[in-house]
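In: Here's a sequence, model it:
(2 chains)
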Amino acid sequence: MKKIEAIIKPFKLEEVKDGLSRLGVKGMTVTEVKGFGRQRGHKEVYRGAEYQVDFVPKIKIEVVIDSKLVPQAIALIREKARTGKIGDGKIFVIPIEEVIRIRTGETGKEAI
Amino acid sequence: MEYPAEQFKTSRQHLIDLFTTGQNTKSFPEEHTALTDQYFQDSLREIPLRRSLQQQGIPFALVALGGYGRRELCLHSDIDILVLFETKVPVQAKTLIEETLFPLWDLGLDLGHGTRTIKDCLSIAKNDFEVLTSLLDARFIDGEYSLYLDLIEKLYKKVISKKARSLSQWLVGQDKKRLGTFGDSRYLLEPDLKEGIGGLRDYHHMLWLAKASFGPRETHDHVFRARLSYQEYQELQQHVNFLLDIRNHVHLLSHRRNDRLTFAYQEEIASRLGLRDHKASFAVEQFNGLVHATMAALKTLSHYFIADLVSETKKIREIKKIHDIPRGLSIEQGELGFDASRAILENPSLLMTIFELSARLGYPLSPEARRQAREFLYLVDDSFKESETTVSSFVRIVTQSNYTFETLSHMIDVGLLDSFIPEFGMIRNRVEFDAYHIYPVGIHSLYTVKYLKELSRKDDQLLPNLIAEISHPERLFLAGLFHDIGKYKRNHAHAGAVLTKRILKRFDYDKEGIDEICFLVRHHLLLAETATRRDLNDEKVMVQCGRIIGSVERLKMLYLLTWADSRATGPKAWNDWIANLIRDLVFKILHILERGELASHDATRKVEHIKSEVRKHVAAGTYNDDLEDSFEQMPPRYLLNTRPREIVRHLNMVHRLKIGLYTIENKSEDKEKEVFIFETRNDEVGNCWEITIVAQDRPGLFANMVGILTLNDISILSADIYTWRDGTAVDVLRTTNPLDGLFAQEKWVKVQEDLANALAGRLSLEPSIGDKKIPLNAAGLKKAVRSSDVVVDNEASDFFTVIEVYAYDQAGLLYRITRTLFALDLDIHSARIATKVDQVVDVFYVRDLDGQKIEDDKMVKKIRRVLLQKLKHL
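Out: Now for the predicted structure:
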C-alpha cells in the first residue's frame, strides 16, 4: 500500500478527482493548502498599500491505494493536473505500513 | 398480571405500524401518551396492592412529568413518572413499582421514576430548577386526585411564588447556553429539534414562564390566548406538532432517543412526508426549508412572548429627544407604535414608515405594533408595492441605515418583506442541502448586506478602501439583498438578474442603477468561480473576465459583493486561502481593465466583429465547435490585431500542421523530421514579401527563423509572432524583397530547406552568420553608432515580462536580439517587430523556461546589460 500525496493547482481538482474515482480510488482527503516552490508569491501595490502574497494557494490530495495502482494513479494525476506551466505541483509517494478501518477493525487492503 | 403489558405492547406496536406506513391520522405523541396512560390505569386496576394500600389509608398517585406530562411522548422518549405519597413512602412502594413499572422496562422503554412525598418534591424543586420545570408539566394519571392537587397547590404557593423571578433568570441563562451550543453553524444544517434554536425547548420555556406567571391551569390555551393573537396561537400549535412529528420520524429511523436531524435522515423523512424532487429544488431542500421556517417562526414567537413576560425586568431604554416622528406613529419607552389601528387603515404606507423610523433610530417596534403590522398586511397591494413613498422608504432602509440587518429581520418576522417583495418570499426559507451553505437564503441575503455595510479595516485593508471609492454604494447594497433571489430556479444568478430587474422596475429605479445592480446579480459568482476553477496564469481567461466586467467600478463592486456573499455563506466559503485566490484574480483583471488595451469596450466589440467575419469566411465543412475551440486557443492580442481573412488562412495552416504532426507520430521512420507549415506571398501594396510560418512552439524557434533569413540575406521589416494556447506558434514576417527578384520561388525553397535543417539541428547558425560580412547600408557608409536602449518592463503585463528594444536598423540585428534572448533562457511568447525608416522598435513578451515572469532584479539587469552589449557590438 502506498499513500499518494499530490499538490496541484486549485482549478485542476475536479479533473483529478474524477479521474481517480474512475480509476477505482474509493476515498481521498482534500485540503486547501498554501506554500511555495519554484513558483513564488508576489506583491501587489494598491493606493500605496502593499498586499503581499507570500504563499501560493494550492490543493493537496491524499489517497491511499494498493501499490499495484500507483503507476496508473501517478500517470493519471500527471495527465490531469498538467498545464505545462510553472506551479503544476508535485506528487509524493509514501509507503504505508498499515491501514485500519476504525468501525470494523479491518486491516490492510480491505480497509482502504 | 401480564395482561395490561401485553395489551400495551400490541396497541403500541399497532400505533408504530400506522406511523411507519404513514396511515396515522392523529398525532403520534398524543396517541402514544394516551396509550401509556391507559397502561398505567389498567395495570393499577389489576394489582391487589392498590386495594391493600387503600385499606391501610395510604393514599398515592401516579403523576406524569416532563414530556410525558406535556403529552409529547415520541417513539423513544423518556417516560418520566412520579409515584407520589402524602407524608411517608411506605415499604410497599417497592412492590408497587415492580408491578407497574417493571413490565415497561421489559418492553424496552426508557422509564424514569421517582418515589417521593409531597415534601420531598417541594424541597428538591426549590433547589433544582430542572425538577421544578418537570413538576410544572405534571399531569395526573391515576390514584388519589386530591393528593395530586395538594402537590400542585403547594408547589405554586410555596415554591413558585418565591422563585418565579429566579426561575425566569435561570431560563434566560439556559437560553444563552443553548445559543452557545446550538447557535453554531453545524446545528443550522443539522438542527436539534428539541434543544436547538427555535426547537421544542423554546415552546417549553413559553409554557413554564406562562405557568409560573399565571398559576396552575390544566390547559395552557387560556394563558397563551392572553398573550398571543388567535392566529399566532394556531401557528404555535402547528409548529410544535410539526416538530414533534419530525422528531418522531428521527426516533423511528435512528432506533433510539435522538433529537438531532442529521443529514442521514433528512432525505428519508422528506420522502416520508410526501415531498418530491422538483425541477428547481430537491425534496430534501424543500423539507429543510420547512423545518427551518418552522424553527425560525417558533423562535420569533417565543422571543416576543418571553420578552413580554419578563418585561418588568427590562431596562428602560435611554430615550433620545426625537422631533420628527412621522404622523400616526409614536414612541414609548424606546419602542415604536402606531397611534391607532385606524391610522394604518387611513394611511397604509405607515406599515413601511414605522420600519424606516426603526431603521433610522435603532428602536424596535412594540409587540402591539408588530401584531398590528401583521394583521394589516392585507393592505400591501400592488399600489402599495409601487408607491413612491413606500419604495423610497424601503430603499433608505436598505441603503442608508445602520440597523439594516435588524430592521429587515423584523420585517421578515411580521411578514412585511414577503408581502412587499413576493419574490423574496419565494427564497426566504430555502436551505441548500450541503455543508457549504449554513444559512437559509433569506438570512444569507441579509447577512450579505450586513457585511457590506459593516466593512471595517479590521477584516481587511483593501476592501474598505474599495468601498470608499465606489460612487454608488447603494447599488451594491441592493445587489447584496437581491443577489440570490433567483435561487429557486436553475442558473440562479441569471434568473436572479431577471427577477431583480422586475422588482427594480416596479420600484421605478433609475435605469443606469438597474443595469448596474442586475449586472452584479447576474455575475455574482464570476470571481469566485473563476478563481477556483480556472487558470489564473492564463491571460486569456483574465481578459475574458475583464471583458465581461467592463469597468473598474464594476470590478470593485463585484469583488466586494463576492467577499460579502462568501462570508455570509459560511466558514467554508471564505478563508484565507480563497481570499488570496480571489484577490490575485481581482488584481489581474484590474490591471487589464486599467490598461484598456485588451478589455475595453472597443476591444470587446472589435473582437466580436472579427470573430463573426471569420465565421463567415471559414471554409465550408469546418465544424462550428472546432472553430469556437480554435478561437479559445488564440491569444487576445492575436484576435485583436489580425485581420479576419488572415485568421482564416492561419486556421487552414494550423489544420495542415496538425495533420502533419499526426502523420509523423504514426510513422516511426519520420521521427527526425521537423514539421512546420511555410507560406510566402508577394505583398504588392507594401512591395515586400510576407512569410507565414506555423509550427509547434519551442524556445529558440523565432531566433532560428530570423537566423535563416539573415543567412539568406533577407532582412525583416516587421513581424507579428504569437503563440496560441495549445503551443502552436503562428509567425508572420514581412521582409524586403528577396535580392534576386526573378528566382524568388527558388529562394524560398532554399529558405524552407535551411529552416528544416536548422530546426533539426543539422545546420548551426551561429558560425554561419558570424562568417557573414555585414553589408553596408544604402549610403555605403557605416552608421554612426548611436546609443540603443533596452527597457525591461514587468508592470505592463501580469503574465509576461515585456522587453522593448530601440535600436538603429542593421543587418542581422533581429537575429542577434532573438539569439541573445534564447541564450538568456527566455521564451518569446509573442513579439512585434517594426522598422520605421532606420529606427527599430521591437517588443517581446517573454517568460523564463518555467513559464514565469522575470522578476528577479539581478536577472532583469543582466538581460538589459547583455542585450545592450550585443547591440553595441554590431
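
In: Could you use CA atoms for every contact and neighbour count after this?
Out: Will do.

In: in which helix or strand would I find residue 22?
Out: I went with chain A, as the question did not name one. Assigning secondary structure by DSSP states H and E places A:Arg22 in helix A:13-23.

In: not what I meant, chain B
Out: Mapping B:Gly22 onto the secondary structure by DSSP H and E places it in no helix or strand at all.

In: if I pick it, what's in contact with it?
Out: B:Gly22 makes contact with B:Arg272, according to C-alpha atoms under 8 Å, 6 or more residues apart in numbering or on different chains.

In: likewise B:Val805?
Out: Residues near B:Val805 by C-alpha under 8 Å, 6+ apart: B:Ser788, B:Asp789, B:Val790, B:Val791, B:Val840, B:Val841, B:Asp842, B:Val843.

In: How about B:Leu107?
Out: Taking C-alpha under 8 Å, 6+ apart, one finds B:Lys9 in contact with B:Leu107.

In: Next one: it from chain A, what distance?
Out: In this structure, B:Leu107 lies at 29 Å from chain A, with C-alpha to the nearest C-alpha, to the nearest Å as the measure.

In: B:Thr10 now?
Out: Taking C-alpha to the nearest C-alpha as the measure, B:Thr10 and chain A are separated by 36 Å.

In: Looking at that residue now. What's its pLDDT?
Out: Looking at B:Thr10, its pLDDT is 91.

In: Get me the contact residues on chain B for chain A.
Out: In this structure, chain B approaches chain A at residues B:462, B:531-535, B:577-578, B:580-581, B:587, B:850-852, judged by C-alpha under 8 Å from any C-alpha of the partner chain.

In: Strands of chain A, start to end?
Out: For chain A, strands defined by DSSP state E occupy the ranges A:2-8, A:29-35, A:42-46, A:49-53, A:56-65, A:90-95.

In: if we can go back for a sec, would you write a PyMOL line that selects the buried entries of the residues of chain B next to chain A?
Out: Of those, the buried ones go into a single PyMOL selection, burial set by 16 or more other C-alpha atoms under 10 Å in any protein chain shown:
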select buried, chain B and resi 462+531+532+534+535+577+578+580+581+587+851+852
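
In: List the ones among the residues of chain B next to chain A that fall in helices.
Out: Judged by DSSP state H, helices contain the following of the residues of chain B next to chain A: B:Leu462, B:Ala531, B:Thr532, B:Arg533, B:Trp577, B:Ile578, B:Asn580, B:Leu581, B:Phe587.

In: can I get those residues in JSON lines with pLDDT?
Out: What follows is these, written out as JSON lines (pLDDT from 0 to 100):
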{"residue": "B:Leu462", "pLDDT": "86"}
{"residue": "B:Ala531", "pLDDT": "89"}
{"residue": "B:Thr532", "pLDDT": "83"}
{"residue": "B:Arg533", "pLDDT": "83"}
{"residue": "B:Trp577", "pLDDT": "84"}
{"residue": "B:Ile578", "pLDDT": "85"}
{"residue": "B:Asn580", "pLDDT": "85"}
{"residue": "B:Leu581", "pLDDT": "87"}
{"residue": "B:Phe587", "pLDDT": "91"}
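
In: Retrieve the pLDDT associated with whatever residue of chain A ends up closest to chain B.
Out: Closest contact between chain A and chain B, by C-alpha to the nearest C-alpha, is at A:Phe11 (4.0 Å). According to the per-residue confidence, A:Phe11 scores 91 in pLDDT.

In: Near chain B, which residues of chain A? Just list them.
Out: Taking C-alpha under 8 Å from any C-alpha as the criterion, the contact residues of chain A with chain B come out as A:10-12, A:32-34, A:39, A:44, A:46, A:53, A:57, A:85-86.

In: Filter those residues down to the buried ones.
Out: Using 16+ other C-alpha under 10 Å as the burial test, the residues of chain A next to chain B include A:Pro10, A:Phe11, A:Lys12, A:Val33, A:Lys34, A:Gln39, A:Val53, A:Pro57, A:Ile86 as buried.

In: In TSV: these, plus distance to B:His591.
Out: Putting those into TSV (distance: C-alpha to C-alpha, whole Å) gives the following:
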residue	distance to B:His591
A:Pro10	22
A:Phe11	22
A:Lys12	25
A:Val33	27
A:Lys34	24
A:Gln39	21
A:Val53	17
A:Pro57	21
A:Ile86	21
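
In: so which pair among the residues you listed is furthest apart in space?
Out: Within these, A:Lys12 and A:Val53 form the most distant pair, 20.9 Å apart (C-alpha to C-alpha).
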